[in-house]
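Novice: Sequence first, then the predicted structure, then my questions.
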Amino acid sequence: MHFLIDFIEAMWDTGVALAPSLFLGLLIAGVLHVFVKKDRIFKHMGKPGLRSSVKASLIGVPLPLCSCGVLPAALGLRKDGASKGAAVSFLASTPQTGVDSVAATWALLGWPVALAKVIAAFVAGVVSGTIVDVLDSENGHSMAPSSSGVEEKGSIPGRIWRYAFGTLFRDIYLWLLIGVGISALVTVFIEPGQLAEYPVLAGPLGMLAALAIGIPLYVCSVSSVPIAAALVYAGFPVGSALVFLMAGPATNAATMGAVRKSLGKLSFWSYILTVVGVSLLAGLLLNDLEIPAGTLLHHHNSSGILGVLSIVASGLFFLAIGFYAVKEILHKVKMKSAVDLSDTGSITYNVSAMTCPNCVRAVSEALSKLSGVGSVVVSLESGTASVVPASDYSSSRILETLDRIGHKGEIKREEKDNGAACSCSSCDN
């Protein structure tokens, strides 16, 4: 019982430290989403070379996209006219930063670490993109930029709010909870600086350990911050924490496989090796930075308006996590009840670039909202979406919707060859 109380208190302390900066970063991200037009981004990245890679990195660094969300965005850039190098640059620079992540890093680890993370992400993007443009003889444009995207409706404040909290926060809430939980466990079981007694962790081996943990692990840029803070609290040097902050969000097993398949071996190796090399170099440069371990993850001062706001923000933070957790459970129950309906009379679509459960949820929700769709079952393992048609069903509408949200779709061959479900006139609407 005593352990549980200490664990809850530690989670609350981390929420008080993290929530205000996180919410501010999410709102800024919503503003960027609403006011930064995609067509202006695309037209600056079509020509292979250093300039396109620099522009792609400058655009990618502030965008709050995790390693699974950045892949469809990078492929979208490529499809809409960006050079392959620019797409790789965007892919390498984006997932470990974002305004929400930078704000959280500043709050928990200080501005030097936040600044180092931004610079390292930018350098990784420029270097990897330039390598691809120089060495890839088949680089160049893919096609002219498309203007077929669907315009968002609603007021500007409403669009900002929906993107910041209805999309971004919902995408990362589970990993935020896991990150805060891991941080709390460390503070409960390990004394501040306890692992500093092991000199082997202070040098390159400590960074390699952080790298080995971060590369295969899926963790978004924001949820990696409390884990990194816990590493420093436990006695890891700051350089090792920075390596984890970069390698964890930028790489994971599913994303790496998708990058290799979608952009080729050269882009894959340029992306991976550059992220690893730059993160290790940045870690070495920052390894001697001192952050008092006892000040991390403990922010008990509730006096003044800022202290009160931090407490309120922490309460809202955990309430929002609970809200989306319940919503996710209800969605899974609904999906399970739809499985029986999808066994007969369904039309199956192959869906590309689905790399994580967030992608599955996005595809499922987008297709479920379409008229003419009775039910949808999306499978991450097979990369498919099975749709039960209703009246006014349109296959072209489904394909357009998949394309709009960053996933290429096609009717599965055995379904196209089998029966009237796919040969009816509504499929060609």
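Specialist: Thanks, I have the structure now.
Novice: Can you tell me which helices and strands the helix or strand hosting Gly239 packs against?
Specialist: Per DSSP states H and E, Gly239 falls inside helix 238-250. Packing partners of helix 238-250 (3 or more Cβ pairs under 8 Å, 6 or more residues apart in numbering; DSSP states H and E): helix 99-109, helix 111-135, helix 204-214, helix 224-234, helix 265-286. Placement of C-beta: from N, CA and C, glycine included.
Novice: To which secondary structure element type does Ser375 belong?
Specialist: Secondary structure, DSSP: H, G, I helix; E, B strand; the rest coil: Ser375 is strand.
Novice: quick one: which of the helices and strands packed on helix 238-250 is nearest Ile190?
Specialist: Closest of the helices and strands packed on helix 238-250 to Ile190 is helix 224-234, at 4.7 Å (criterion: Cβ to Cβ).
Novice: export the closest one as CSV, just CAs?
Specialist: In CSV, the C-alpha atoms belonging to helix 224-234 read as follows (Å, rounded to 0.1, in the frame of the first residue of the first chain):
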residue,chain,number,x,y,z
SER,A,224,10.3,9.8,-24.2
VAL,A,225,11.0,12.9,-22.1
PRO,A,226,9.9,11.7,-18.7
ILE,A,227,11.7,8.4,-19.3
ALA,A,228,14.9,10.4,-20.2
ALA,A,229,14.5,12.5,-17.1
ALA,A,230,14.2,9.3,-15.1
LEU,A,231,17.4,8.1,-16.6
VAL,A,232,19.2,11.3,-15.5
TYR,A,233,17.5,11.1,-12.1
ALA,A,234,18.8,7.5,-11.7
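Novice: Report the inter-axis angle for it versus helix 99-109.
Specialist: 20 degrees (axes from the mean of the first three to the mean of the last three Cα atoms, to 10 degrees).
Novice: Next one: the closest residue to Gly154 other than its chain neighbours, what pLDDT does it get?
Specialist: In space, Gly154 comes closest to Arg162 once its chain neighbours are excluded; the distance is 7.3 Å by Cβ to Cβ, 6 or more residues apart in numbering. For Arg162, the pLDDT comes out at 83.
Novice: Same check on Gly322?
Specialist: Taking Gly322 on its own, its pLDDT is 92.
Novice: repeat for the one 4 residues further on
Specialist: The predicted structure scores Val326 at 90 on the pLDDT scale.
Novice: The helix holding Gly239: how far from the chain's middle?
Specialist: How far helix 238-250 lies from its chain's middle: 15 Å, per Cα atoms, centre = their mean, to the nearest Å.
Novice: Please point out which parts of it sit buried.
Specialist: In terms of neighbour count (16 or more other Cβ atoms under 10 Å), helix 238-250 has its buried residues at 238-250.
Novice: just these now: which is nearest Ser57?
Specialist: Ala250 (12.8 Å).
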